[in-house]
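Colleague: Predicted model follows, preceded by the sequence.
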Amino acid sequence: MGIFKRLRDLTAASINDLLDKAEDPVKMLNQFLRDMEQDILDAEAAVAKQIAVEKKFQGQYEEAYDMVEKRQQQAEKALEQNNEDLARRALQDKKEHQVRYDEMKQQYDIAKANADRLRAQLAEMKDEFGKMKNKKDLLVARAEAAKAQKSINQAMSGFGMDNAARGFDRMSDKVAQLEAEAQASGELNDKNRGLDKELAELDKNDGVEDELAALKAKVSQKQQEQ
């Protein structure tokens, strides 16, 4: 039947083939399982219908069997009461019910065989579904590990030690150049400050020289007056 086709086709090999073409294995695996779940629901509905047919024929053949037994007992009772005509009619009706019983029993046996086969196929589908769920968990774990490894590899491709070493060398040279410039600037500032200090000393006057000069002039004048 068509509803069981996926059960035959959705093997581990076919899943792996489809995964090779899938952009996202995890999404594809989830979709596969959703498809299988839907197939199981369809199969359960088909099995339920077949079981209903089985039960219908069972009820009909059991009803016909009960009538066969009933007419047999009624025919015997009619003969016990010397009513041969009634016994004959009871046996005639029994015969008709016997024909119906045989037909319904045959249909029941066919319906039951179909229902049993569908039950077995449904059980097989559910068993396969369980296996695919377990396989899906394993494949998802492998897919996630592969994605992580791919990300690491891509990151490492731009993380070359040679590039880093060259970069550090360039920065070391730049730092050394900045240090040299800072030192030269400091020495120049110190030199300028020394010159400024000497020039400032020339202009420095604490009043002692002026006072000494005044005192000399006073002493000289006093000597002249003597």
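Modeller: In hand now; what should we look at?

Colleague: Mind listing what's buried along stretch 129-137?
Modeller: By 16 or more other Cβ atoms under 10 Å, the buried positions in stretch 129-137 come out as Phe129, Met132, Lys135, Lys136. Backbone N, C-alpha and C define where each C-beta goes, glycine included.

Colleague: How about stretch 135-154?
Modeller: Lys135, Lys136, Leu139, Ala143.

Colleague: now the buried residues of stretch 129-137 in JSON lines, with distance to Leu29?
Modeller: As requested, the buried residues of stretch 129-137 are arranged in JSON lines below (distance: Cβ to Cβ, whole Å):
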{"residue": "Phe129", "distance to Leu29": "13"}
{"residue": "Met132", "distance to Leu29": "8"}
{"residue": "Lys135", "distance to Leu29": "8"}
{"residue": "Lys136", "distance to Leu29": "5"}
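
Colleague: Who are the packing partners of the longest helix along the chain?
Modeller: Taking DSSP state H as the assignment, the helix of the chain that covers the most residues is helix 84-157. Packing partners of helix 84-157 (3 or more Cβ pairs under 8 Å, 6 or more residues apart in numbering; DSSP states H and E): helix 5-9, helix 12-21, helix 25-80.

Colleague: Pick the most deeply packed of those.
Modeller: helix 25-80 (a mean of 16; mean count of other Cβ atoms under 10 Å).

Colleague: Pull the distance from it to the chain's centre.
Modeller: With Cα atoms, centre = their mean, to the nearest Å as the basis, helix 25-80 stands 40 Å off its chain's centre.

Colleague: mean confidence score for that helix?
Modeller: Mean pLDDT, computed over helix 25-80, is 91.

Colleague: Stretch 152-164 now?
Modeller: On average, stretch 152-164 scores 67.

Colleague: need the contact list for the most centrally placed residue in the chain.
Modeller: Centroid-nearest residue in the chain, with Cα atoms, centre = their mean: Val26, separated by 5.6 Å. For Val26, the contact set (Cβ atoms under 8 Å, 6 or more residues apart in numbering) comprises Val140, Ala143, Glu144.

Colleague: again, only using 6 Å
Modeller: Val140, Ala143 (Cβ atoms under 6 Å, 6 or more residues apart in numbering).

Colleague: re earlier: with pLDDT and distance to Leu215 as added columns, please give the buried residues of stretch 135-154 in a markdown table.
Modeller: Formatted as a markdown table, the buried residues of stretch 135-154 follow (pLDDT from 0 to 100; distance: Cβ to Cβ, whole Å):
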| residue | pLDDT | distance to Leu215 |
| --- | --- | --- |
| Lys135 | 87 | 117 |
| Lys136 | 83 | 114 |
| Leu139 | 81 | 112 |
| Ala143 | 78 | 106 |
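
Colleague: domain assignment for this structure?
Modeller: The chain breaks down into these domains under automatic domain parsing: 2-159, 169-226.

Colleague: how far away is Gln58 from Asp42?
Modeller: Shown here: Gln58 relative to Asp42, a distance of 25 Å by Cβ to Cβ, to the nearest Å.

Colleague: no no, Glu209
Modeller: As judged by Cβ to Cβ, Glu209 and Asp42 stand 121 Å apart.

Colleague: And for Val175?
Modeller: 73 Å.

Colleague: How about Arg34?
Modeller: In terms of Cβ to Cβ, Arg34 sits 13 Å off from Asp42.
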